[in-house]
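Novice: Make a model of this:
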Amino acid sequence: MKSILWSLTLIATLLTSIALCSCNKKETLDFDIPAEAIIVTNYGMEGSTSFDSSNITSITVSSIPTGWKVNKIDMYTSTITVTAPEFGEDVITSDTMTLIGYTPTGKTKTISILLAIKDPVDYYATPSNCYIAAEPDKLYIFNPMVDGCGNALNTARIGIIWQSYATTVTIQDKDVIKHLDMRDGKAQFYVGAIKEEDEEDVSVLAGNALIGAYDKDDNLIWSWHIWATNNDPRENTITLNGEEMMNINLGADCNSNGATDSDTIYGSYGLYYQWGRKEPFVGPATYHFSLNADAEMFGNDGFPMYIDYVESSALYGTTAWASSHPTSFITGYKENAHDWIYSGHETAWSAENNPCPTGWHIPEASVFANLTIATADDERSWEELQKMYGLHLVDTITSEEYFFTAQGRRNYLDGRLDIINDDETLPVPWSAYYWTSTTDGERAKALYFDLNTATRTWNGFDASRSMRRANALPIRCVKDK
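Specialist: Down below sits the predicted model:
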């Protein structure tokens, strides 16, 4: 009997200890909406988004904009569905809704999300590896279930891999794209509007972002480049050798046209690409390549991200590995002519790996064949030319002049940013490279020029220079015919 009483006492003591520990332990909870918004494209339209929660058993609406209504908060599917107001004079088209999440013991967490009606830019029917966002205050829509050629993807979720800025950012809100979401096989993101003081015009925050598609096991299976620019490159074009070419670099915000102010020069640089890869790399942190530092990149959580530099190998030096590791610069393999591919060479910049927007592609070397340095630039003092970070090139057939920025490259040996040439005895203050789709045996062709500070007539120029394929160079896209 004493044994039984002793056992019961021990059990009661243990239960009391557990209860006391449970009471002293801080209750955990989490409630968040990753997209931070529900944005629809028309009045009276239904929209939804997913939420993340832990230890949340119910959610209530604390406040909601006039005219909007919550249709359902589904705790099983973690989905919130709302309906936008019908068209009317007192309709609120953009405001926040406040929600309260409750734990089983009554603890709460309050969050606010944006509810908005925004005009769409719909890319859903035109798959691409690069989507242009040139209109501010718009909702952009694309198909995350296919790659740039329309091949099916088993996309379970999407997320921002990185964002970076093509101009000097002076505002607090630094997101190039916002409110990324995927529902019912459609992806959407919002590009806001920036309005400078004392100015009526609005603009986008110029920059670039990379969105990734992930499968059910959270493996990255594809990525899309979002190009936010205030100069629509599809409209700002030039004609070279019968081809319509964008007048700004892929990923840039402008063509500096010989301007010497740092912001304009920096905004004209754009992104850098290893030959045959669709995945872009950011450029320098400053227009003059100070300390060879990379431009800032920010991940999905807003924290800094960095380029990873890896040596080509049987594992890393493949197109499949490169596609699933878009932030990895693959240095050239010496035994394979310093190609980033470890064995063999890709014979063409394939349609699946086309970094240009749909309807555009990388030019062949022949497009640049008629260009040379404009006489006026060759006659300028090198001190003046040095400040321009580029040259006017003249078409010897049409006599038309076009400005090309000299924004250097990422070197094939280690991925470092280079703005000068390889000549140890006669280095130059800047040099320019532009990829073409034309191969040259184990190498590939590029437009090249530089500035010689000793004698201006020695300025280097080569419309079709052979370059090692692990180099990362800028690109000017040409229109499909």
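
Novice: Helices of the stretch 301-450 of the chain, residue ranges please.
Specialist: 319-324, 375-378, 382-388 (DSSP state H, counting those that start in this stretch).

Novice: and of these, who's closest to I397?
Specialist: helix 375-378 (15.4 Å; Cβ to Cβ). The way it works is simple: take the backbone N, C-alpha and C, and place the C-beta from them, glycine included.

Novice: residues near the residue lying closest to Y333 once chain neighbours are set aside, how many?
Specialist: Of all residues not flanking Y333 in the chain, S312 sits nearest, at 3.9 Å (Cβ to Cβ, 6 or more residues apart in numbering). If you count neighbours by other Cβ atoms under 10 Å, S312 ends up with 24.

Novice: ok, now how distant is S312 from I238?
Specialist: Counting by Cβ to Cβ, to the nearest Å, the separation of S312 from I238 is 36 Å.

Novice: same thing with Y269?
Specialist: In terms of Cβ to Cβ, Y269 sits 18 Å off from I238.

Novice: Who has more neighbours out of those two?
Specialist: Remark: of Y269 and I238, Y269 carries more neighbours, 26 against 17, as counted by other Cβ under 10 Å.

Novice: now stretch 193-210, how far from the chain's geometric center?
Specialist: 17 Å (Cα atoms, centre = their mean, to the nearest Å).

Novice: likewise stretch 67-76?
Specialist: With Cα atoms, centre = their mean, you get 32 Å for stretch 67-76.

Novice: Could I get the buried residue list for it?
Specialist: By 16 or more other Cβ atoms under 10 Å, the buried positions in stretch 67-76 come out as 67-68, 70, 73.

Novice: Among the residues you listed, name the ones in strands.
Specialist: Members of the buried residues of stretch 67-76 lying in strands (criterion: DSSP state E): 70, 73.

Novice: P304 - how many residues pack around it?
Specialist: Neighbours around P304, by other Cβ under 10 Å: 9.

Novice: Surely it is in contact with E296?
Specialist: Yes - at 6.6 Å, P304 and E296 qualify as touching, with contact defined as Cβ atoms under 8 Å.

Novice: can you tell me how far G415 sits from I307?
Specialist: Noted for G415: a distance of 7 Å to I307, by Cβ to Cβ.

Novice: any residues in contact with both of the two?
Specialist: 281, 329 (Cβ atoms under 8 Å, 6 or more residues apart in numbering).

Novice: my guess is the residue nearest to Y333 meets S343, correct?
Specialist: No - assessed by Cβ under 8 Å, S312 is found out of contact with S343, at 9.4 Å.

Novice: which residues are common contacts for the two?
Specialist: N336.

Novice: the helices in the stretch 51-200 of the chain, which residues?
Specialist: With DSSP H, counting those that start in this stretch as the definition, the stretch 51-200 of the chain shows no helices.

Novice: now the strands: where do they sit in it?
Specialist: In the stretch 51-200 of the chain, the strands defined using DSSP state E, counting those that start in this stretch lie at 52-54, 58-63, 69-74, 79-83, 94-102, 108-117, 120-122, 130-133, 138-142, 157-165, 178-183, 186-191, 194-195.

Novice: Can you list the strands that the helix or strand that comes right after the shortest one pairs with?
Specialist: Per DSSP states H and E, strand 194-195 leads on to strand 202-203 as the next helix or strand towards the C-terminus. Strand partners for strand 202-203, identified by DSSP bridges, are recorded as strand 194-195 (antiparallel).

Novice: OK, contacts around V121?
Specialist: The contact partners of V121, taken as Cβ under 8 Å, 6+ apart, are 133, 135, 138-141.

Novice: Okay, D74 and F298: tell me how far apart.
Specialist: 32 Å.

Novice: oh sorry, the question was meant for V40
Specialist: From V40 to F298 the distance is 27 Å (Cβ to Cβ).

Novice: now V70
Specialist: Counting by Cβ to Cβ, the gap from V70 to F298 is 32 Å.

Novice: G415 and I307: which is more packed in?
Specialist: G415 (24 against 16).

Novice: need the strands of the stretch 51-200 of the chain in JSON lines with distance to T286, can you?
Specialist: Shown next, in JSON lines, are the strands of the stretch 51-200 of the chain (distance: least, Cβ to Cβ, whole Å):
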{"stretch": "strand 52-54", "distance to T286": "38"}
{"stretch": "strand 58-63", "distance to T286": "45"}
{"stretch": "strand 69-74", "distance to T286": "48"}
{"stretch": "strand 79-83", "distance to T286": "43"}
{"stretch": "strand 94-102", "distance to T286": "36"}
{"stretch": "strand 108-117", "distance to T286": "34"}
{"stretch": "strand 120-122", "distance to T286": "32"}
{"stretch": "strand 130-133", "distance to T286": "25"}
{"stretch": "strand 138-142", "distance to T286": "30"}
{"stretch": "strand 157-165", "distance to T286": "13"}
{"stretch": "strand 178-183", "distance to T286": "26"}
{"stretch": "strand 186-191", "distance to T286": "25"}
{"stretch": "strand 194-195", "distance to T286": "22"}
